[in-house]
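Colleague: Need a 3D model of the sequence below.
(one chain, ligands or ions: 2)
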Amino acid sequence: MSTHQSFLTPLIPGLVWHSLGFGIESNVYIIISNNEALIVDTGFGFDPPPLFGLNYEGTRKIFQKIVKKFPHAKICLTHAHIDHSGNLMATALENELEIIAHTIEASFLEQGNAHYINPFGGLTIKKIPITTKVEENDTIAVGELSFEVYHTPGHTEGSICLYEPNKGLFITGDTIFPNGSFGRTDLPGGSSEKLYHTILRLSEISHINALLAGHSPPIIGKEAKKHVLMAKKAVEMYFGNFM
Ligand SMILES: [Zn+2]
Ligand SMILES: [Zn+2]
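Modeller: Ligands and ions are numbered 1, 2, ... in the order given. Below you'll find the model as predicted:
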């Protein structure tokens, strides 16, 4: 009985690789430009038990391979939740990589605040030192690319989305998912009202070639913008009457 899924697949040739999250794992994206790499989110970092006779290779090993392949990568977290940050508790710290997060999420990660990072409980949370704290209007450079940081509260207080205007890459964490889905707002720091305003604001971004969400398969091409508008319609339907 052998494994497994391929750990890292090219998504947009020469530009974006990814590892698709399994179960509640977050997707992991690797953006490459001029031999520089940015890893966005890290996955859970725990190997699940064998499922359905398959020895699934968990993201702890996958992430180790990613870091081995891109040893000088920067890592950016869209938010603090453990399904996006779990791997940092081991691999990245050992490799002394630059870790980027919004100032608000950074404070929870640096405290090792289990209530915020893993509200479901049951796991030990280690403190993660954040090298670079970012806020709205900051940029993150990767080779020739420059990602704009959008502070997008709603799913958590310090969630961020990253947008690269030249290539139209839109990385949305747990704020916007494909098919009219959006992040839950019932966890600590969540706010339906903030998520509503966040998604309305994000829906104004016009040039989008890739919707790279924290979960679900990515959407590449002109469909991407339509999926952002589906999320807008959905929050208007769910929350619009109360705002
Ligand atoms: Zn998530
Ligand atoms: Zn989350």
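Colleague: pLDDT weak spots in this structure?
Modeller: 1-6, 46-58, 90-95, 243 (pLDDT under 70).
Colleague: List the contacts of Lys74.
Modeller: Residues in contact with Lys74 (C-beta atoms under 8 Å, 6 or more residues apart in numbering) are 37-39, 97-100, 132, 140, 142. C-beta here means a position set from N, CA and C on the backbone, and glycine is covered the same way.
Colleague: Show me the longest helix that occurs in this structure.
Modeller: Taking DSSP state H as the criterion, the chain has its longest helix at helix 223-239.
Colleague: Check which helices and strands that helix is in contact with.
Modeller: Under the contact criterion of 3 or more C-beta pairs under 8 Å, 6 or more residues apart in numbering; DSSP states H and E, helix 223-239 touches strand 176-177, strand 181-182, helix 192-202, strand 210-213.
Colleague: To Met89, which of those lies closest?
Modeller: Ranking those by their distance to Met89 (criterion: C-beta to C-beta) puts strand 210-213 first, at 23.2 Å.
Colleague: now for the following helix or strand past that closest one, which elements pack on it?
Modeller: Next helix or strand after strand 210-213 toward the C-terminus (DSSP states H and E): strand 219-220. Helices and strands touching strand 219-220, by 3+ C-beta pairs under 8 Å, 6+ apart, are strand 210-213.
Colleague: that older thread, buried residues of the longest helix of the chain, list them for me.
Modeller: By neighbour count on 16 or more other C-beta atoms under 10 Å, the buried set for helix 223-239 is 224-225, 227-228, 230-232, 234-235, 239.
Colleague: contacting residues around that helix?
Modeller: Helix 223-239 has contacts (C-beta under 8 Å, 6+ apart) with 168, 170, 176-182, 192-193, 195-196, 199-200, 202-203, 205-206, 208-211, 219.
Colleague: go on, stretch 120-128?
Modeller: With C-beta under 8 Å, 6+ apart as the test, stretch 120-128 has contacts from 46, 82, 85, 88-89, 93, 99, 109-114, 117-118.
Colleague: what's the closest non-adjacent residue to the most centrally placed residue in the chain?
Modeller: Centroid-nearest residue in the chain, with C-alpha atoms, centre = their mean: Gly173, separated by 3.8 Å. In space, and not counting its chain neighbours, Gly173 is closest to Thr78: 2.7 Å by C-beta to C-beta, 6 or more residues apart in numbering.
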